[in-house]
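# this one's sequence-less:
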């Protein structure tokens, strides 16, 4: 796998449902000169704490739509995450389409498990807590871990920021570990969804 052993972090995309630790983490990123792209509620949280943020809709040139169901599903987001940095065709297409590389993706997902754990939860509420853009960004970043770091667990913030504060980079070893953790995270998330819907709709996996 072609990759940079230590990846410089110049731009981060942050979109989290669980805000634990994100303010301090983002402050440290900003202090190191990392540009932060962010969405809706996360952007507001960071701005309310005097952290400079570039909104995703201002970057993509397209507003969040459908009550927030669509906000990060855009080529300028996923092109910036999935581009192979030493592929000249990818670099040209990025330039031609105004796509900027995204080096760090910090995402955790809508609280589906917490929602369905409520005794009186309606299936419509459960469905609204099925995250689409979040898993897509996570999987994009995890797939391209040769060039991108993905973080899904607030417990990893200190480790990531320590590497960045050391020399502005994140090691390939860390990127590999974070990618594996990310795919485990989305697999667990999808399992919870499939089990919930199977139970509520009366389907068995063996019959599908």
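That came through, no problem. Being a predicted model, the structure only gives us computed values, none of them experimental.

# centroid residue for this structure?
residue 107 (3.3 Å; CA atoms, centre = their mean).

# and the pLDDT at it?
Predicted confidence (pLDDT) at residue 107: the value is 95.

# what's the next secondary structure element after the helix or strand containing it?
Assigned by DSSP states H and E, residue 107 falls within strand 104-108. Using DSSP H and E, the next helix or strand after strand 104-108 towards the C-terminus is helix 112-116.

# which residue ranges of this protein form helices?
Shown for the chain, the helices assigned by DSSP state H span residues 22-31, 40-48, 56-60, 75-82, 88-96, 112-116, 123-128, 133-143, 157-167, 172-201.

# need the ones you listed in CSV (columns: distance to residue 14 and mean neighbour count).
Any C-beta I mention is one placed from the backbone N, CA and C, and that applies to glycine too. Putting those into CSV (distance: least, CB to CB, whole Å; neighbours: other CB atoms under 10 Å) gives the following:
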stretch, distance to residue 14, mean neighbour count
helix 22-31, 6, 18
helix 40-48, 6, 16
helix 56-60, 10, 19
helix 75-82, 12, 20
helix 88-96, 21, 12
helix 112-116, 20, 16
helix 123-128, 22, 13
helix 133-143, 10, 22
helix 157-167, 11, 15
helix 172-201, 15, 16
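
# between those helices, which gets nearest to residue 9?
Closest approach to residue 9 among the helices of the chain is made by helix 157-167 (5.5 Å; CB to CB).
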